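Chemist: mind folding the following:
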Amino acid sequence: LRLRVKNNSKMADEEEVFDEVTEETTEGYGSRLSNSFSGICFGLLLFFGSGVTLFWNEGVAAKRYVALKQGSKLAMEVKNNVVLPENEGKLVVISGTATTEDTLIDPDFGFQSSKTLQLRRVAEMYQWSEKKNTKTEKKTGGSKTTITTYSYNKKWSPVVINSDKFQESYGHDNPDVMKYESSTWTAAKVTLGAFNLPSSEVSRINTWTNKPVPDSNNTALPSGVKPYGTGYYFGENPSSPQVGDIKITYSVVLPTDITVVAQQKEGTIVPFVTKNGGSIDLLKTGIYGKELMFSAANKENKIATWAIRVIGILAMYFGMSLILDPIVVLSDVLPFLGNIAEIGVSLISWVVAIITSFVVIAVAWVFYRPIVAIVLFAVSGAVLAVPFFLKKKGSKTASEDPTESTQLLA
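Modeler: You can find the predicted model right below:
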C-alpha cells in the first residue's frame, strides 16, 4: 500500500516540506523467522568483532599511556627565540605566537586575507533532502507491518545529496556536482619564534573566526556570483533560493598563541618517537607548561579509550540481540508474548555484553600491562576476601563473646 500526501507548510532553519510519501509493507511470520536466523551470523560477527576491538583499544591506550609517561620525563621547555643545536633530536616544549606574513587568496573569487594562517571557504548548495520515519506494528500470527514515511524538503548542505537514492526521486532531482566546493588554504611559511611550523601543525590550529567579504565591488567575481550578506551568492535571487543555488562564506585563523610538544629537527618540529614506538606530537592553543600539556594529553587518551569502550559494549549488545532474536520472533505468534520475550532478550543481551566486555578488558590488561593488572587483581581479591575473613573470625569467637562477634561482623 502506497499513499502520497502533499504539504506546503514552512519549517524551521529555512526548510520547506513539499510532500511526503508513505509506504506500508507487511512481512510474514515465515519470512521474519528466516531473516532472524540469518541475522545470527551477523550477530556473531558483531559480537566477536567488538571483543577484538575492545582488546585492541586497551593495547592502544596502554601504549599511549607509556609513551606519554616516557615523554613527560624527556621533554624540556625551551625558548622560541633561538634554535639551539644541542637540542637537535630532543623532545622540546615550545610556546609563543604562531605568525605569518603570507596573504591567502581564494583563486575562484579573488577573496584574500593578509597575515593569515588558514583561510577556509565554506560552500553550501540548496538541495532536496529526504527524511525517513518508520513505525512497526506486530500482528497476531507473527507477521509485522512497517509504515515508512519519506518526507522531502529543501535545505542548504555543504555536500552533494545524491537524489538517485531517494525512495521517490522523481521531482526531487539534485545536481550531480557543486560548481563551487568548500576548500581550505594554509600559509606556506608560519613561524613560532625562530622555529618553522610545518603545514601539518598549522592545520591543527582551530581558532576559526568569520571573515566577511569586502563591501566594495569585486571585479574578479565569476559570472552569476554576487555579494550577499557576509559572503557571496551564486543564483538568481537569494531571497527565493532554487535547487542548485550556492552560498559562500569565509572563516580564517589569524596569528595566535600556541604550545607544541614535539621533536626539534633542523629548525622545525616533527613527531617524537618514544622507546615503545609511540608518537608524541602535542599542540594546544594558548601558553602552557610541560605538566599541563601532558596532563591534557593523558585526559584525551582516557576520553578516547572510554569512548571506544562504550561503542564496543553497545556493538556487543546489538550482536547478542541479533543472536537471540529468533526467540523474540518465535514468541511473536502472540504479540504480548513477543513483547515480554523482547524485554527478556534485551536484559540478557545487556548483562552478557557488559560482563563479556569487562572480561575482555581485564584480559587485555593482563596481556598489555601484566604488572599493573596483577596488582589490581591482588587488591581486588583482598577487598573481596575481607568480609569472608571477618565472618569466619566472628563465627569462631561467637561462643566466647557474642557482643564482640556482633561488633566484628558489623
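Chemist: check the protein for its longest strand and report it.
Modeler: In the chain, taking DSSP state E as the definition, the longest strand is strand 118-138.
Chemist: downstream neighbour of that strand in the secondary structure list?
Modeler: strand 144-157 (DSSP states H and E).
Chemist: and the longest strand of the chain, which strands flank it?
Modeler: The strands beside strand 118-138 in its sheet (DSSP bridges) come out as strand 144-157 (antiparallel), strand 183-186 (antiparallel), strand 246-253 (antiparallel).
Chemist: just how off-centre is the last one within its chain?
Modeler: Distance, stretch centre to chain centre, for strand 246-253: 24 Å (CA atoms, centre = their mean, to the nearest Å).
Chemist: who does whichever helix or strand comes after it pair up with?
Modeler: Following strand 246-253 in sequence order, the next helix or strand is strand 256-265 (DSSP H and E). The strands that strand 256-265 pairs with in its sheet are strand 91-99 (antiparallel), strand 268-270 (antiparallel), strand 282-285 (antiparallel) (by DSSP bridges).
Chemist: can the ones you listed go into JSON lines with extra columns for mean pLDDT, mean neighbour count and distance to Ile40?
Modeler: Every C-beta, even on glycine, is put in place using the N, C-alpha and C of the backbone. JSON lines is the format used below for the strands paired with strand 256-265 (pLDDT from 0 to 100; neighbours: other CB atoms under 10 Å; distance: least, CB to CB, whole Å):
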{"stretch": "strand 91-99", "mean pLDDT": "96", "mean neighbour count": "20", "distance to Ile40": "51"}
{"stretch": "strand 268-270", "mean pLDDT": "95", "mean neighbour count": "19", "distance to Ile40": "49"}
{"stretch": "strand 282-285", "mean pLDDT": "96", "mean neighbour count": "19", "distance to Ile40": "45"}
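Chemist: which of the residues in the longest strand of the chain are buried?
Modeler: By neighbour count with 16 or more other CB atoms under 10 Å, strand 118-138 contains the buried residues 118-130, 138.
Chemist: surely Val270 touches Pro198?
Modeler: Yes - between Val270 and Pro198 there is a contact under CB atoms under 8 Å: 7.5 Å.
Chemist: those helices in the stretch 1-150 of the chain, which residues are they?
Modeler: Using DSSP state H, counting those that start in this stretch, the helices of the stretch 1-150 of the chain run over residues 29-74.
Chemist: equivalent analysis for the stretch 151-300 of the chain, please.
Modeler: Taking DSSP H, counting those that start in this stretch to define them, one finds helices in the stretch 151-300 of the chain at 199-202, 290-331.
Chemist: for the longest one, packing partners?
Modeler: Put plainly, it is helix 290-331. With contacts taken as 3 or more CB pairs under 8 Å, 6 or more residues apart in numbering; DSSP states H and E, helix 290-331 sits against helix 29-74, strand 256-265, strand 282-285, helix 335-368.
Chemist: switch to 6 Å and redo it
Modeler: In terms of contacts (3 or more CB pairs under 6 Å, 6 or more residues apart in numbering; DSSP states H and E), helix 290-331 is packed against helix 29-74, helix 335-368.
Chemist: now those helices as a markdown table including mean neighbour count and mean pLDDT?
Modeler: Shown next, in a markdown table, are these (neighbours: other CB atoms under 10 Å; pLDDT from 0 to 100):
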| stretch | mean neighbour count | mean pLDDT |
| --- | --- | --- |
| helix 29-74 | 17 | 93 |
| helix 335-368 | 16 | 89 |
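Chemist: and these: which comes nearest Ile205?
Modeler: The closest of the helices and strands packed on helix 290-331 to Ile205 is helix 29-74. By CB to CB, the value is 21.2 Å.
Chemist: and that closest one, how far out from the chain middle?
Modeler: The answer for helix 29-74 is 16 Å, by CA atoms, centre = their mean.
Chemist: could I get the contacting residues of Val252?
Modeler: For Val252, the contact set (CB atoms under 6 Å, 6 or more residues apart in numbering) comprises 113, 116, 119, 211.
Chemist: dump these to CSV, plus distance to Tyr29 and pLDDT.
Modeler: CSV is the format used below for the contacts of Val252 (distance: CB to CB, whole Å; pLDDT from 0 to 100):
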residue, distance to Tyr29, pLDDT
Ser113, 65, 95
Thr116, 65, 97
Leu119, 60, 98
Lys211, 62, 95
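Chemist: of the residues you listed, which is the most crowded?
Modeler: Most neighbours among those, by other CB atoms under 10 Å: Leu119, with 23 neighbours.
Chemist: next up, the contacts around the residue nearest to that one when sequence neighbours are not counted.
Modeler: Spatial nearest neighbour of Leu119, chain neighbours left out: Leu104 (3.9 Å); criterion: CB to CB, 6 or more residues apart in numbering. Contacts for Leu104 (CB under 6 Å, 6+ apart) come out as 113, 116, 119, 185.
Chemist: could you report the pLDDT at the nearest residue to Asp176 once chain neighbours are set aside?
Modeler: Once flanking residues are discounted, Asp176 sits nearest to Val160: 7.0 Å by CB to CB, 6+ apart. We have a pLDDT of 96 for Val160.
Chemist: ok, now how distant is Val160 from Phe47?
Modeler: 36 Å (CB to CB, to the nearest Å).
Chemist: and for the closest residue to Gly39 other than its chain neighbours, the neighbour number?
Modeler: Nearest residue to Gly39 in three dimensions, chain neighbours excluded: Leu322, at 4.5 Å (CB to CB, 6+ apart). By the criterion of other CB under 10 Å, Leu322 has 22 neighbours.
Chemist: what of Glu300?
Modeler: When neighbours are counted by other CB under 10 Å, Glu300 registers 13.
Chemist: one more: Glu101?
Modeler: A count of neighbours around Glu101, defined by other CB under 10 Å, yields 10.
Chemist: quick check: closest non-adjacent residue to Ser163.
Modeler: Sequence neighbours aside, Asn174 is the residue nearest to Ser163 in space, at 4.1 Å (criterion: CB to CB, 6+ apart).
Chemist: cool, and Lys138?
Modeler: Using CB to CB, 6+ apart, the closest residue to Lys138 is Pro335 (4.3 Å).
Chemist: so what's the residue nearest to Gly39 up against?
Modeler: Leu322 touches 39, 42-43, counting by CB under 6 Å, 6+ apart.
Chemist: make CSV out of those residues and add distance to Arg369.
Modeler: Formatted as CSV, the contacts of Leu322 follow (distance: CB to CB, whole Å):
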residue, distance to Arg369
Gly39, 37
Phe42, 33
Gly43, 31
